[in-house]
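Novice: whatever this is, show me its structure:
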Amino acid sequence: MIKFIDYLFNQTFGRIFSNELHQFFRYLFCGGTATLVDLIILFSFTNIFHFNYLLAAAVGFSGGVATNYTLNIALVFQSSGKLKKEFPLFAFFSIIGLLLTETILWILVDRFGMYLIFAKLIAVVIVLNWNFFMRKKFVFRLGSKLETTLKA
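Specialist: Purely as a prediction, here's the structure:
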């Protein structure tokens, strides 16, 4: 799958972009998959199980974080292998991302009457950037999986 992602990136952009942008493209793929998991849980919990949307958003976000961590260590970042240290830090920044998400949802849905899924998509764009840079700088300091797979 990662070779297909890299192929799409190279076909679309060629080699004109840096490895960091290529890494961010992989991160977007992982984040997109995690966001899909998050949205499916959010939609299901609010529309099928009738949970409060803020609680459903927290559950969906948690499912997205688990998906995102798994995909990030498989495809984007070089893991230290110290799961007991790495995952709590990953989760810490994710919790801050969750607080940002919840605040944005509350403002857009309760204050401005925006449709929940549209509000969620706006929150995703904002929180995505926070998550990438915090994880890159503080959680996965060893670098990118990109060098490993580009050499293969």
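
Novice: any chance you could list what contacts stretch 91-99?
Specialist: With contact meaning Cβ atoms under 8 Å, 6 or more residues apart in numbering, stretch 91-99 is reached by 58, 61, 65, 68, 127, 130, 131, 134, 135, 138, 139. In this view, the C-beta of every residue, glycine as well, is placed from N, C-alpha and C.

Novice: reformat those as JSON lines; add distance to residue 48 and secondary structure.
Specialist: Formatted as JSON lines, these follow (distance: Cβ to Cβ, whole Å; DSSP: H, G, I helix; E, B strand; the rest coil):
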{"residue": "58", "distance to residue 48": "17", "secondary structure": "helix"}
{"residue": "61", "distance to residue 48": "18", "secondary structure": "helix"}
{"residue": "65", "distance to residue 48": "22", "secondary structure": "helix"}
{"residue": "68", "distance to residue 48": "23", "secondary structure": "helix"}
{"residue": "127", "distance to residue 48": "25", "secondary structure": "helix"}
{"residue": "130", "distance to residue 48": "30", "secondary structure": "helix"}
{"residue": "131", "distance to residue 48": "27", "secondary structure": "helix"}
{"residue": "134", "distance to residue 48": "33", "secondary structure": "helix"}
{"residue": "135", "distance to residue 48": "32", "secondary structure": "helix"}
{"residue": "138", "distance to residue 48": "37", "secondary structure": "helix"}
{"residue": "139", "distance to residue 48": "34", "secondary structure": "helix"}
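
Novice: could you work out the most separated pair of those residues?
Specialist: Pairwise distances across the contacts of stretch 91-99 peak at 22.7 Å for 58 and 138 (criterion: Cβ to Cβ).

Novice: show me which of those two is the more surrounded one.
Specialist: A direct count of neighbours by other Cβ atoms under 10 Å for residue 58 and residue 138 places residue 58 higher, at 18 against 12.

Novice: does the more buried one touch residue 102 like I think?
Specialist: Yes - taking contacts as Cβ atoms under 8 Å, residue 58 lies within contact range of residue 102: 7.1 Å.

Novice: ok, so of the contacts of stretch 91-99, who is nearest residue 117?
Specialist: Sorting the contacts of stretch 91-99 by how near they are to residue 117, with Cβ to Cβ, puts residue 61 at the top with 14.2 Å.

Novice: how about the closest one: what's its closest non-neighbour residue?
Specialist: residue 98 (4.9 Å; Cβ to Cβ, 6 or more residues apart in numbering).
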